[in-house]
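[1] Here is a sequence with its predicted model. Questions after.
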Amino acid sequence: MAITIPGTVTGAAQTGLTSPTYTTAVDTAVDSNSKQAVVTAIGGTQAGVDAHSISRPFTLTAVRPKQFNVLGKPNPTTGLIPVIPVNQYNVRTRKGVTPLAAQPSAVASIDSVIRVPAGSDLADPANLRAMISAHIGLLTAISAGLGDTLTNGVM
């Protein structure tokens, strides 16, 4: 199954946001190896949160490698592969924010980079799936606390 950015994204719990949802529309990604959507509407109670605009972007992007790396041949003496190449994926969220009242918007961003050793997609898919499951579960579990930390600096 390919990555598909849903038309409605249910946001995770955050202090000050009640039942946050984000309606998306397909956007043209910068690269052909990417999929991107823009947030066109905000749902739930999110006072002060705005949808995508040119000066205040709100985008969700998924990126896969432009060219996939594969495993090389094992060393004939040791039987070991000397270098394990890595395929890198990225999930990026960008949001225009106000750095100070009466100042122009600046763009805040989140990048979750996923590095997958070549070959593990076939040899160990269960552990790759467990890794991404745990990562997303952690982000969901710490969502409100992480939001608090971003605004008050307390870990």
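    Perfect, thanks for sending it. Residues are numbered from 1 along each chain as shown.

[2] who touches residue 64 in this structure?
    By Cβ atoms under 8 Å, 6 or more residues apart in numbering, the residues touching residue 64 are 3, 33-34, 87, 89. For glycine as for every other residue, the C-beta is placed from the backbone atoms N, C-alpha and C.

[3] max-length helix in this protein?
    Longest helix in the chain by number of residues, with DSSP state H as the criterion: helix 125-141.

[4] which parts of the helix or strand that that one is followed by are buried?
    Next along the chain after helix 125-141, taking DSSP states H and E as the criterion, comes helix 143-152. Judged by neighbour count using 16 or more other Cβ atoms under 10 Å, the buried positions of helix 143-152 are 143, 146-148.

[5] returning to what we had before: would you turn the contacts of residue 64 into JSON lines with distance to residue 74 and pLDDT?
    As requested, those are exported to JSON lines (distance: Cβ to Cβ, whole Å; pLDDT from 0 to 100):
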{"residue": "3", "distance to residue 74": "32", "pLDDT": "83"}
{"residue": "33", "distance to residue 74": "29", "pLDDT": "93"}
{"residue": "34", "distance to residue 74": "34", "pLDDT": "93"}
{"residue": "87", "distance to residue 74": "19", "pLDDT": "96"}
{"residue": "89", "distance to residue 74": "26", "pLDDT": "95"}
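
[6] Please produce a PyMOL select command covering the buried subset of these.
    Applied in PyMOL, the following selects the buried portion of the contacts of residue 64 according to 16+ other Cβ under 10 Å:
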select buried, resi 34+87+89
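
[7] before we move on, back to that, and which of the buried residues of helix 143-152 is nearest residue 60?
    Closest approach between the buried residues of helix 143-152 and residue 60, by Cβ to Cβ: residue 143, at 15.5 Å.

[8] my guess is that closest one meets residue 13, correct?
    Yes - using Cβ atoms under 8 Å, residue 143 is in contact with residue 13, at 5.5 Å.
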